[in-house]
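1. no sequence on this one, just coordinates:
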DNA sequence: TAGCTAATTATTGATATAAGTAATAGATAATAT
DNA sequence: TTATTATCTACCGACAATATCAATAATTAGCCG
């Protein structure tokens, strides 16, 4: 019996709570003693209902310009259009309220976890919770399908299965209709059962199938599109045996596989295979090398189980990379990576195949049997013909496919094996070695932790199966479902690596912040789980196929390859932050329990040395400004063992550069790596952002964005070995060099003063030591970072690799792989060259020289001057190449960007060695940088003549230097001031001292909205050495900061008006509210909270949502301590300050990002290699001219549309029915009218008028106006509200009037944006001719 | 004899910087009656007084009329008060210093450089009988300084380097509550231990309000303080936030000998988890602390107790054990941590 | 065993923590009056 | 509704307070004829 009496809910119980409560009661008798639902929802606590709602669908209709989509589809190359999409209300997920959305997300992750661990009962109760969320109903069937697919496999016969479905959808989930996927599941299971019982051709089977097919209205094709449900066998049976589906109903990418009648899964005759192979080869027009090469690759998925454990020692030794050994190379993480790279080294057969290539190179490169490097790059470079190169690359690509998989998937195994190997080796050598060897320790921890973890997992399972009656630990109820998902062995390895990796992070010198540790450990577990899921899905379609048939593997592989790029709609499930923390903490607390290290100390009384052992980690706290901070300390003895350097463990193997082309972006969740999921946009877990991106993605509006990103991902790179050799030499030396800090084991703290020293003495001692600690930490982290970079570079020596990219929320692109990429510092940039080479040609040689001059710092003079500069310094350049470290001149070391300078020197000198240098095949990326790119866009938007010329938008014989220009204006203004007031000492001082460098940072950051005090501090940094006295120099700095601001304003007037306009728009929008907002969110008589964030779409249709909101954090209990984390789904009011400060720069950045993506696409069309660092664009020297032309053309294309007008139109529509809060003078007529109306309203209502009432009235009025009935419309027109009266108030009263007036009336007024400032005379088309636009 | 300030005089002061001062001569006399400073300073003819954040200086006047000490320095750097002195105390024999009592440099300057106020250094076997510190830290924000002054007793530096110098400080009642919280009180905090370990502190007087109501009744009974009415204090007009409930503490430093660094470290860490049994909280002293302390203490019952129940002696006992621990972490390590990067 | 109360447990919100407050100064949002 | 006080101070990539207690809500235990 159901309990019918629901206790009255308490006051603070919110809608969700009540919902949960009632569900609980409903479900009680289904679950047993423990209330699953409470557990389901226990992580969902904050239950405010949302007021963030995108405009509803009624609005949306009018927003979508109907011709837009068509226009875009027909002409994909179309120029930027003034049209825009709003992406509002197009998605169910968008229209969910945030609180619901959070509940859904939590339940999803729980559902996933429970299903994966086969807790079907529990899963079912979660489904019920999901069903109860009304706003989620529409997509509920997807969740049900997920569940149903899982349980369906256990049914003994078809009847049971369909009965279950029938019952669920009629009893439990009323009104839910099965869809095509449900049908697919039924069909798949039916076929599976039939196959098992050998009655495929049986009549009842056919009848069942026919019945199922008829269940869904969406048609056969739709049903058949579920390749994640139906297997290849299913298709075959349906198509070939039963003839129930037609050819065209099978998804195209597997149609070929199915259609081949002669392949049956049971017996593949060898003849058939040959035939297939032949067909395949004919189709690809490949010669025998390629045919053979296919055997290089084994099917890793199928072979995984049977594969013998990796033999580390052998593998690693046989393929020693031929590069200078690095210090600290022997670190954990890199061993893992190297091992995975090496572990997949060529076997004899493969070597043979490779040897067949016709290399023309010195023997050491050729001889793959030699125990030296397999340097693919050298091999490739030395191939004679393009044909051969192409062939080689194809072979490499296929070979790398598997290495990539191993790299992404098997890294934890590799680490574990490594530890065991080292442990056994050490054991053989004796106890002492075990103590010394770090890896042996890790192995010991691992072996000791594993049983603990297994026991915990057992407890979790018992809890989940309700076997245990005694109360579980409270946290277990939350983490139990998740802890059972990943193999315990893997979890141990992951958590050990995670802790070591976090050493010295978060400002803690011998440890880490607990909060960060538990969350990242939890995240890592989640990533591992996700990656396993992806792997599982990949092989799903082909899972029934006979794996033993060796010949068939190739076939499978080809099929997989085509499927890989097709993984649509991947998991959007993310574990809630709390779950991550809880999972992480249970693992970490276990490790803390078992991990011990031998330690040595001194008895303070006897002074004797004492030996013992102690926990390697311990949980403790520190105070920071009187605020507690949980830390996990690492025992100094272990720190010592890590030799003062952070472990390399943190190089997440999943996030290294890729050996194969990244999976192209096809939707917002699909792209990048193959086995770890990445998202198109780096949202900071902001559901709002995600909703918009998802909407854009689903409506196929951002394909151009994908195209651009894919271009970036397809650029292939390799490591510049010569630079690498030089860098490693410097590195190993351990001394500081250029920006590389020297090795330092411990910080040199000052001795402690006497205990009774004056407090001021003690304080300054603390202060100084803090500085020392800071510097030490900075140096160490710098060295660490460099170490990462070098290690990755070393691992990828001779490899061909790619950087998968995604974007920040403004659309700027970043490589997914951290540490080593082309966005890094000078050194990491210098280590990268294009894999593909291109002949320099005449232009190329010239541009190579220009590039060199630019890198050196000579980039403010005409091109010819730069060429000349290089030619004048050939001696120094040759010296640099011959003897980079001990040369006569060390010229390159004085360059702006020394390492890249050196790299370019080498390239140039090598080219000049040739008889005809223009025939040199160059791999060096050459850059074209915008001159203050932000200002370029501003100038284009504002039409500033002066500004445009200063940032080189206007053709000129020489490049202009904005910074110099600003400095000059400042100086001129100061001169005037001195004339007016000869006693102005500060002005006099700066007239003398002012230079480009002092103002540069301020001019640059001005675009980002630096404030007066910020600029003051910047300038102070430059000048305080000149003045000495702190207060004086600050005074001077402030003076100059004001002057610089004025000067910028003066020369970029148009730009400034734009900036102000953007700011004002932002002001008004962020102080506006939706008319139909949740009235409950307005406290009694209080002002409503502002929830409207700034949203716009870029010219490439990417919707951008500024994520700045107040963050609300809560304490979450974990096994170690409580952690303070924010709930991304909490609904918070916006942070108006940040919205305003961020909007202008974000808008500009969204434009430069668009420009980059457009240019990327164009350049790829022209066959160029292309890379970018936001406003610096790279390609081969020979292609610079083309690229530069493209850059200019795309810039013009971007700005040909008046983007500001476009933005205003968009804002006008997006925020159409919004209301803002404003003030007008009480004395004005409008105020009087409004007051009068308020009075009448008060009489109507019989009480004082609140904001809610005003909004209500206005909403009513608008509803009437939009009514179908004329009467209503008429009524609406006649209706007068306080808000309708206030229309136009913004324009009516000027800024001054508002400021001056004392008596102001606060009113609600329809949101109106200020008029766009007039544009200047500058015509953007002239950019096409401007040589120095980018240079 | 300098005439106490009148209400008219005092009305010149417009702003009290969220501080509160007793200005009623009668109440002040009562207070001094209760303090019986004669017991410590005898006839006061060698007594030097440093009066910090002296404010309107009514208390100083009453005090000086009564004891006629050798030297009485008023220190305050707030213009409202220094200007007030300028106008009203010209004829007094107070030495007035416009320096900032917050700044350690002020004292170095006065004592060591300018030698305008040089107390005698006395051994620590008795309360200093020629030097007295009076002060007012009644703004809640000044609690930090109060704690530092207390800490100076423990460090034996600042003015406490001259011996065990008595301090008469007006402090926020909330601070006093924390400082005087006895073992097993839920209010027990690290500063209570500082107070208990290094000083003998007594409540002499306090304002009656919602803050004083929170005091443990028994404790108040023990001190039998003088209740001060807000009408005898300034400012008279105040809002809730500027109420500044306050309390006069008589602080007599004790004689003690201990390793302050270790003691600070141990108390700080244990008081973070003050309601967690020692056996669970102890590991936060460093990796392996549980093993060592359990063995050294060898008393399961003790290990089950929570830090907030420990007496000052028990904490000294624990910090002694810590001192003997061969693998103890450096107690200064974490002082240098956690700064922002560039 | 229904239906109640008492007792226990879980959740939530408020508060204290340490103990130089590195410098700056001006606009704006938040809070108190 | 106005006066005072607190906050924040250049964008993005980027990364984070916590223990304790009192009050209250939710749940379980216990009770009885």
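-> It's in. The model shown is predicted, which means the values in this text are computed figures rather than measured ones.
2. Now the lowest-mean-pLDDT helix or strand in chain B: buried residues?
-> The least trusted helix or strand in chain B, going by mean pLDDT, DSSP states H and E, turns out to be helix B:210-213, with a mean of 87. When burial is assessed from 16 or more other C-beta atoms under 10 Å in any protein chain shown, helix B:210-213 yields the following buried residues: B:211, B:212. Glycine gets a C-beta too; all of them are placed from N, C-alpha and C.
3. So what's the gap between the very next helix or strand once past that helix and the chain middle?
-> Later in the chain than helix B:210-213, the nearest helix or strand by DSSP states H and E is helix B:217-223. Centroid displacement of helix B:217-223 relative to its chain, using C-alpha atoms, centre = their mean, to the nearest Å, is 19 Å.
4. which secondary structure elements does helix B:217-223 contact?
-> strand B:199-207 (3 or more C-beta pairs under 8 Å, 6 or more residues apart in numbering or on different chains; DSSP states H and E).
5. for chain A, longest helix please?
-> helix A:759-795 (DSSP state H).
6. That helix and DNA strand D, any residue contact?
-> No - judged by C-beta under 7 Å from any atom of the strand, helix A:759-795 and DNA strand D are separated, with a smallest distance of 8.8 Å.
7. which strands and helices sit next to that helix?
-> Helix A:759-795 packs on helix A:332-343, helix A:721-733, helix A:826-830, helix B:104-107, helix B:143-155, going by 3+ C-beta pairs under 8 Å, 6+ apart.
8. re earlier: what's in contact with the least confident helix or strand of chain B?
-> With contact meaning C-beta atoms under 8 Å, 6 or more residues apart in numbering or on different chains, helix B:210-213 is reached by B:172, B:173, B:174, B:177, B:206, B:220, B:245, B:247.
9. so which of those residues would you say is closest to residue A:1216?
-> Using C-beta to C-beta, residue B:174 comes nearest to residue A:1216 of these, at 52.8 Å.
10. follow-up on the earlier one: between helix B:143-155 and the longest helix of chain A, find me the angle.
-> Going by axes from the mean of the first three to the mean of the last three C-alpha atoms, to 10 degrees, helix A:759-795 is angled at 100 degrees with respect to helix B:143-155.
11. Please state the offset of the helix or strand where residue A:447 lies from the chain centre?
-> Here residue A:447 sits within helix A:438-464, counting by DSSP H and E. Relative to the centre of its chain, helix A:438-464 is centred 32 Å away, using C-alpha atoms, centre = their mean.
12. Check stretch A:1187-1194 too.
-> 28 Å.
13. same check, this time on stretch A:526-534
-> Per C-alpha atoms, centre = their mean, the centroid offset for stretch A:526-534 relative to its chain is 17 Å.
14. quick one: which of the contacts of helix B:210-213 sit in helices?
-> If you go by DSSP H, the contacts of helix B:210-213 have B:173, B:174, B:177, B:220 in helices.
15. And the residues you listed, which is closest to residue A:1264?
-> residue B:174 (58.4 Å).
16. ok, so what distance separates residue A:382 from residue A:389?
-> Distance, residue A:382 to residue A:389, by C-beta to C-beta, to the nearest Å: 10 Å.
17. Not counting sequence-adjacent ones, nearest residue to residue A:1155?
-> residue A:1198 (5.3 Å; C-beta to C-beta, 6 or more residues apart in numbering or on different chains).
18. close to chain A, is stretch B:113-123?
-> No - using C-beta under 8 Å from any C-beta of the partner chain, stretch B:113-123 stays clear of chain A, with a minimum separation of 11.7 Å.
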